[in-house]
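Colleague: Using only what follows, build the 3D model:
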Amino acid sequence: MGRARNRQQPPRPDFQDLRRHQGAPGYWALAGTKALPNVAGAQRLQFPRGVRRGHRCRHRGSKGPWCGQGAGGLQLALHYARAAVLSLLVEVLVELDAVVIDYGHGGVDEHGDPVDKHKQYHFENDDGDVYFSIYEGLVNREVAWRLIRLLLFMDPSKHIEVYDAVARKKWTREYPPSSAADLEQRNVSLQTRTDYSNAFPTKGTLFLSLHSNAMTTDWSGPGQPIQGVAFFTSPGQTLSDKYATHIDEVFRRIPVGLKVRRGEWTDGDVDIERDFWVLKKTRGAAVLGEVGFYDNLEDARFLASAEGQSRIAFCYATALLELARATAPR
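Modeller: Alright, predicted model coming up:
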């Protein structure tokens, strides 16, 4: 009988150690899609099903799953492998100096009523009675003030300037917001928001628009079934895609507590591309986050809770601070 095959698996390399000691070349070493799941701590990249499993063509001359023809061909495989590497390299290649935070829509007035009459949802029971209500503009501000404070105080070894696209001001450690009430409650125009952001250098500045999503324009009803988190950028391959990919990865890694949706992958990365004003009119990098569906009851309860708002802000802050340049404590 032949010698028994040794089935003992070699120890898995540690991803954190690789990132710490090998730097950028180590990221390139992880480019192979088959090697990535075998690295301890590495994210399982969300490739489309056909790409993950491969596509074994039946045409004459095919020598493997990545043939050069049809869906799942070699070019498509390389396209997604390139996107995977870029998502891993973003911490090396992108250096974030400033974040312009845009909290979408209007807030509440002095009586606690919504400034705008849209972007709210009232959940009704079978008798038509409202038992839970939520207003997106208020949620956006509750997340925003927490995010601003985290960016200012969470990691003193990182330097990142924090600007407010709605109030058109800079937030500092000396004068941070202490609640959502400290933020601008008016629903200033979209052009005002983007014009403010465009006054900053495009290099090293990210415009981040905070939102939650909805499947219906109705103000009330039994609720909708769709849930989850998605990040949007303008069409085409831009630096915005790299920011969105990294933010998406952090929301999955921590995790936030909401389902992170699969994304579109139309251009090889996870972000969804849309012609939203704040994305296409911003000269620098811009990402719009639709975190949760406020017309889904489970998501809405999470969005309206202090814990949910804090978790969302923490995920955003973690992603941004990982990209911020190191500096002496302020």
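
Colleague: This structure: strands as residue ranges?
Modeller: In the chain, strands defined by DSSP state E lie at 98-103, 120-124, 130-135, 158-159, 161-164, 169-171, 205-213, 220-221, 229-233, 272-273, 285-293, 325-326, listed in chain order.

Colleague: Which one, of those strands, ends up nearest to residue 192?
Modeller: Nearest to residue 192, of all the strands of the chain, is strand 98-103, at 10.2 Å by C-beta to C-beta. All C-beta atoms are positioned from the backbone trio N, CA, C, and that covers glycine.

Colleague: need the strands of the chain in JSON lines with mean pLDDT, can you?
Modeller: Output for those, formatted as JSON lines (pLDDT from 0 to 100):
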{"stretch": "strand 98-103", "mean pLDDT": "98"}
{"stretch": "strand 120-124", "mean pLDDT": "96"}
{"stretch": "strand 130-135", "mean pLDDT": "96"}
{"stretch": "strand 158-159", "mean pLDDT": "86"}
{"stretch": "strand 161-164", "mean pLDDT": "98"}
{"stretch": "strand 169-171", "mean pLDDT": "98"}
{"stretch": "strand 205-213", "mean pLDDT": "97"}
{"stretch": "strand 220-221", "mean pLDDT": "96"}
{"stretch": "strand 229-233", "mean pLDDT": "94"}
{"stretch": "strand 272-273", "mean pLDDT": "87"}
{"stretch": "strand 285-293", "mean pLDDT": "96"}
{"stretch": "strand 325-326", "mean pLDDT": "70"}
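
Colleague: For residue 187, find the nearest of these.
Modeller: When these are ranked by proximity to residue 187, the top entry is strand 98-103, at 10.2 Å, counting by C-beta to C-beta.

Colleague: Spit out the contact partners of the closest residue to residue 318 other than its chain neighbours.
Modeller: The shortest distance from residue 318 to any residue other than its chain neighbours is 5.3 Å, reached at residue 250 (C-beta to C-beta, 6 or more residues apart in numbering). Shown in contact with residue 250 (C-beta atoms under 8 Å, 6 or more residues apart in numbering): 315, 318-319, 322.

Colleague: And the residues you listed, which two are furthest apart?
Modeller: Comparing all pairs in the contacts of residue 250 by C-beta to C-beta, the longest separation belongs to 315 and 322, at 11.1 Å.

Colleague: The two: which is more packed in?
Modeller: residue 315 (27 against 17; other C-beta atoms under 10 Å).

Colleague: Surely that one and residue 258 touch.
Modeller: No. The pair residue 315 / residue 258 is not scored as a contact, 9.6 Å apart, by C-beta atoms under 8 Å.

Colleague: overlap in contacts of the two?
Modeller: In terms of C-beta under 8 Å, 6+ apart, residue 315 and residue 258 are not both contacted by any residue.

Colleague: Could you pull out the helices in the protein for me?
Modeller: Listed from the start of the chain, the chain has helices (DSSP state H) covering 15-22, 24-29, 49-53, 74-93, 136-153, 190-198, 239-253, 277-280, 297-304, 306-323.

Colleague: weakest of those by average pLDDT?
Modeller: Mean pLDDT across the helices of the chain is lowest at helix 24-29; the value there is a mean of 30.

Colleague: quick revisit: got TSV for the strands of the chain, with mean neighbour count too?
Modeller: Written out in TSV, the entries for these read as follows (neighbours: other C-beta atoms under 10 Å):
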stretch	mean neighbour count
strand 98-103	26
strand 120-124	19
strand 130-135	16
strand 158-159	18
strand 161-164	20
strand 169-171	15
strand 205-213	25
strand 220-221	14
strand 229-233	25
strand 272-273	19
strand 285-293	27
strand 325-326	10
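
Colleague: closest one to residue 307 among those strands?
Modeller: The closest approach between residue 307 and any of the strands of the chain, judged by C-beta to C-beta, belongs to strand 285-293 at 13.1 Å.

Colleague: what's that closest one packed up against?
Modeller: Under the contact criterion of 3 or more C-beta pairs under 8 Å, 6 or more residues apart in numbering; DSSP states H and E, strand 285-293 touches strand 205-213, strand 229-233, helix 239-253, helix 277-280, helix 297-304, helix 306-323.

Colleague: export the strands of the chain to a markdown table and tack on distance to residue 112?
Modeller: Supplementary listing: the strands of the chain in a markdown table, determined by distance: least, C-beta to C-beta, whole Å:
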| stretch | distance to residue 112 |
| --- | --- |
| strand 98-103 | 17 |
| strand 120-124 | 13 |
| strand 130-135 | 10 |
| strand 158-159 | 36 |
| strand 161-164 | 22 |
| strand 169-171 | 24 |
| strand 205-213 | 19 |
| strand 220-221 | 19 |
| strand 229-233 | 28 |
| strand 272-273 | 33 |
| strand 285-293 | 22 |
| strand 325-326 | 40 |
